[in-house]
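Asks: give me a 3D structure for the following:
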Amino acid sequence: MSTEKKNPPADKKVEDIKISTVERKPSAIEQKISISSEPIVKPKRPTVVERKAAHLAVANEKISAAIDKSKPDKKTADDDKPEPIKPKPAVESGITEEDLSAVEEHLHSLDEILEFAYAAKQGGNFKLAIYSYQKALERYREDDYAPFIVVDLSSLYKEQAAYIKAIKVCEDALKLPAVVRSESARKECRENLAYLRVVQSVLLKHRALSTPFSKISRPIRAEIDAEFKKQSVFSAV
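Replies: Predicted coordinates for the structure are as follows:
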């Protein structure tokens with residue numbers, strides 16, 4: 001009896017070879033790595049500060065768009081009819097309280113409000129800057145920095161020729177806790193208030209009450225300073 005092993009059929013060998021030579025298909029991640037030759041990095045989640053900045057940018061864009069929309073269209077070349085001269089409004093109009101309050105939820109501290117107000121002022125969004133300073137006074141009336149907010153807010157009103165509002169802000173400032181506690185702060189606040197009243201009186205005399213403070217002519221400015229100095233001398237006696 002023979003003990004020799006029988007060879008497998010020829011077709012079986014071919015089948016085994018085919019099976020052994022089949023390559024494994026690389027996964028999608030492996031294909032991406034081979035194509036980019038760079039490791040796959042997990043995307044970084046934005047931080048709280050980054051998310052807040054993004055929300056604030058969206059809100060600022062919305063307010064800026066509202067301001068641009070509120071501005072009148074430029075005159076066309078065909079329009080040769082002269083328009084009547086109108087005094088520049090004290091504060092830009094056309095922005096609703098809903099538009100302005102859209103940014104309020106993004107301002108969580110006094111520093112954030114002041115930075116936002118400064119950026120709005122630098123960008124020419126005076127309505128938004130004024131609104132921000134008003135909110136700062138409402139929220140942080142008890143803060144020692146409140147008198148300085150009054151200074152910034154009254155300066156904005158002066159540049160918008162809103163002298164009545166600037167005077168009102170300074171009058172209210174006399175009741176701020178930080179002003180009540182400090183004699184020097186009360187003195188400075190009264191001096192600012194007296195000066196604003198002189199500015200308003202002299203401008204009214206010259207029928208120039210719609211003139212922003214920085215646009216007041218030198219002769220009128222000299223008259224304002226002289227009148228304020230005279231009143232200061234009388235009050236000191």
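
Asks: and the closest residue to Ser132 other than its chain neighbours, which of the three is it?
Replies: Excluding the flanking residues, the one nearest Ser132 by C-beta to C-beta, 6 or more residues apart in numbering is Ala117, at 3.6 Å. C-beta here means a position set from N, CA and C on the backbone, and glycine is covered the same way. Secondary structure for Ala117, judged by DSSP: H, G, I helix; E, B strand; the rest coil, is helix.

Asks: now do the contacts for Ala117.
Replies: Leu128, Ala129, Ser132, Tyr133, Ala136, Asp152 (C-beta atoms under 8 Å, 6 or more residues apart in numbering).

Asks: from Arg181, how far out is it?
Replies: Distance of Ala117 to Arg181, given as C-beta to C-beta, to the nearest Å: 25 Å.

Asks: next one: Val199
Replies: Separation of Val199 from Arg181 (C-beta to C-beta) stands at 28 Å.

Asks: between the two, point out the one with more neighbours.
Replies: Just comparing Val199 and Arg181: by other C-beta atoms under 10 Å the higher neighbour count belongs to Val199, 24 against 10.

Asks: hang on, that one packs against Ala162?
Replies: No. Taking contacts as C-beta atoms under 8 Å, Val199 lies outside contact range of Ala162: 11.8 Å.

Asks: list the contacts of the spatially closest residue to Leu114 that is not a sequence neighbour.
Replies: Leaving aside its sequence neighbours, Leu114 sits nearest to Ala136 (C-beta to C-beta, 6+ apart; 6.4 Å). By C-beta under 8 Å, 6+ apart, the contact list for Ala136 reads Leu110, Ile113, Leu114, Ala117, Ile149.

Asks: okay, now the closest residue to the first one other than its chain neighbours: neighbour count?
Replies: Nearest-residue entry for Leu110: Tyr140, 4.9 Å, with adjacent residues in sequence omitted and distances by C-beta to C-beta, 6+ apart. Neighbouring residues of Tyr140 were enumerated by other C-beta under 10 Å; the total is 16.
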